[in-house]
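>>> A predicted structure for the sequence below; I have some questions about it.
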Amino acid sequence: MTRALFLFATVLAATSSKAADWPEWRGPGGQGIADAKGLPVTFSETSGITWRAALPGRGHSTPVISGPHVWLTSAVEKAADPAEAERRLKANTGDQPVTVLASVSLRALCVDLGSGRLLHDIELLNVGEPQWAHQLNSYASPSPILEDGRLHAHFGSFGTACLDTATGRVLWTNQELRVMHENGPGSSPVLWENLLIIHFDGSDTQFIAALDKDTGRVAWKTPRSGEMDPRPQQRKAYGTPLIVEMNGKPVVVSPAANWIYGYEPATGRELWKVAYDGLGFSMSVRPVADAERVYFSTSYGKSQVIALRYAGLETPEIAWRVTKNAPKMSSPVLAGGLLYFVDDGGILTCVDAATGVDFYRERLGGKYSASPIVADGRLWFASREGVVTVVPLGREFRIESQNTLDGPIMASPAAVDGALYLRTDAALYRVGGK
């Protein structure tokens, strides 16, 4: 229900130019750490829900929040004719179950934070005969970024758009950067100063690029330099970069197939790269970091969680690795010198961040794609079965609660001002908050 632009002046005028409350995937700083307090630990579909907002279309992007508004992206799909789908799939180099569309409308949704009312549904891009996507994925999986009244929404090879949240006007779009994703888009964008930095790791070609956030023009584009596997499916990746202050300088830490890279954010110049020492591809993770190390999972192939020591080094070195129960889809989270990660099958591992020595390895149950967050002294995990599991921080394992909502959860949670925001396949929930 696209609204007339004049409505935005009244409905969205309250959007502040200050930093957003939950500006990007994994929150402020991009590492899954929230300062929200007083979050409800026990809730269900029929109890403890502040509101439930039905969402048009389909998407796995995390909600981003600023002031009284929650923004998400979504995709309205038009299925391809079966005969046409069969024809197009002859070019598929894999055997994964995929969705084939005649067209897709890529949209920005705005929900009122207080009431859950859907305020706006705006088309950003419309793509005819888009690449197929894995049935577990969506066409709106990368999470957008909110900054200074602008929503930056990225959809992989289908394009990137910038929306003025005060007027509802699309300020620019860019559809010139393309790769063959095979499984659909997955990498979320990252902002650094005036640049929107984005991964493009396809089965055909692999690079990282930056767009000018004000114009959408390409500022730089750097090919991946590491040696790739000869098989196309093993070259692709869906990771998201993290900007890390390394030895006094900002570095774009960028996980890709078989290698993790460091780039100068202003120019895209490659500073270093480190091999995984084993096949690693199709990762949809974002690294986390402390003052000495970067931590990430290599996902498919030889799955492992790696700690990369960078303090005092020109080129980082692998400090330790864990090869048991490494996640393929969910990102790790770091708190109090402990690294936590849950694998796709629901095994939660807690290790010493300095050494990789494990304190526990326990089963949560369910399957996991969403990345956990830390908030209110607890870990919050959301499963594909719609179960939100709450675990206290620390070296001892204990499940404090498990809470079930209707529908699978693929999007990572957000937490702001005593409220938890959870996106299922059909709705956005606010749990708690005044």
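Ah, there it is.
>>> What is the neighbour count of E396?
Residues near E396, counting by other CB atoms under 10 Å, number 9. (C-beta placed from N, C-alpha, C; glycine too.)
>>> should've said S383
Based on other CB under 10 Å, the number of other residues close to S383 is 22.
>>> Name all residues that make contact with it.
346, 364-368, 370, 389, 408-409 (CB atoms under 8 Å, 6 or more residues apart in numbering).
>>> How far away from the center of its chain is stretch 308-315?
Centroid displacement of stretch 308-315 relative to its chain, using CA atoms, centre = their mean, to the nearest Å, is 26 Å.
>>> and the residue in the chain sticking out farthest from the centre, helix, strand or coil?
What lies farthest from the middle of the chain is A83; by CA atoms, centre = their mean that is 33.5 Å. Secondary structure for A83, judged by DSSP: H, G, I helix; E, B strand; the rest coil, is helix.
>>> Can you measure across stretch 239-258, start residue to end residue?
In terms of CA to CA, to the nearest Å, the two terminal residues of stretch 239-258 are separated by 12 Å.
>>> Can you mark which positions in that stretch are buried?
239-244, 246, 251-258 (16 or more other CB atoms under 10 Å).
>>> Same question for stretch 290-306.
Here stretch 290-306 shows 290, 293-306 as buried, counting by 16+ other CB under 10 Å.
>>> In strands, which of those fall?
Within the buried residues of stretch 290-306, residues falling in strands by DSSP state E are 293-297, 300-301, 305-306.
>>> which two in those are spaced the farthest apart?
R293 and Y300 (23.0 Å; CB to CB).
>>> Show me where the stretch 51-200 of the chain has its strands.
64-66, 69-79, 98-99, 101-112, 118-128, 133-134, 145-147, 150-154, 160-164, 169-174, 190-192, 195-201 (DSSP state E, counting those that start in this stretch).
>>> Which secondary structure elements does the following helix or strand past the last one sit against?
Counting by DSSP states H and E, the element after strand 195-201 in chain order, helix or strand, is strand 206-212. Strand 206-212 sits against strand 195-201, strand 218-223, with contacts defined as 3 or more CB pairs under 8 Å, 6 or more residues apart in numbering; DSSP states H and E.
>>> pLDDT of strand 206-212, averaged?
What strand 206-212 shows for mean pLDDT is 99.
>>> For beta bridges, what are the partners of L338?
On the basis of DSSP bridges, L338 is bridged to A335, D352.
>>> Touching, it and L393? I think so.
Yes - counting by CB atoms under 8 Å, L338 touches L393, with 7.4 Å between them.
>>> can you pick the most crowded of the contacts of S383?
In terms of neighbours by other CB under 10 Å, the contacts of S383 top out with Y368 at 29 neighbours.
>>> and which of the buried residues of stretch 239-258 is nearest S187?
Using CB to CB, the buried residues of stretch 239-258 come closest to S187 at T240, 5.3 Å.
>>> which ones are touching the closest one?
So, once contact is read as CB under 8 Å, 6+ apart, T240 ends up touching 25, 30, 142, 187-190, 199, 284-286.
>>> Same list, those residues, but as a markdown table with distance to V431 please.
As requested, the contacts of T240 are exported to a markdown table (distance: CB to CB, whole Å):
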| residue | distance to V431 |
| --- | --- |
| W25 | 19 |
| G30 | 23 |
| P142 | 24 |
| S187 | 28 |
| S188 | 23 |
| P189 | 27 |
| V190 | 28 |
| H199 | 32 |
| S284 | 25 |
| V285 | 26 |
| R286 | 24 |
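>>> In JSON lines, list those residues along with pLDDT.
Shown next, in JSON lines, are the contacts of T240 (pLDDT from 0 to 100):
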{"residue": "W25", "pLDDT": "98"}
{"residue": "G30", "pLDDT": "98"}
{"residue": "P142", "pLDDT": "98"}
{"residue": "S187", "pLDDT": "98"}
{"residue": "S188", "pLDDT": "98"}
{"residue": "P189", "pLDDT": "98"}
{"residue": "V190", "pLDDT": "98"}
{"residue": "H199", "pLDDT": "98"}
{"residue": "S284", "pLDDT": "93"}
{"residue": "V285", "pLDDT": "95"}
{"residue": "R286", "pLDDT": "98"}
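>>> Buried members of those into ChimeraX, please.
Buried residues among the contacts of T240 (16+ other CB under 10 Å), as a ChimeraX selection:
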select :25,30,142,187,188,189,190,199,284,285,286
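>>> those helices in the stretch 301-434 of the chain, which residues are they?
Secondary structure of the stretch 301-434 of the chain by DSSP state H, counting those that start in this stretch: no helices are present.
>>> and the gap between R224 and F200?
Taking CB to CB, to the nearest Å as the measure, R224 falls 9 Å from F200.
>>> and for these two, which residues touch both?
Counting by CB under 8 Å, 6+ apart, the residues touching both R224 and F200 are 206-208.
>>> quick one: terminal-to-terminal distance for stretch 379-392?
Taking CA to CA, stretch 379-392 runs 6 Å from one end to the other.
>>> cool, and stretch 187-197?
10 Å.
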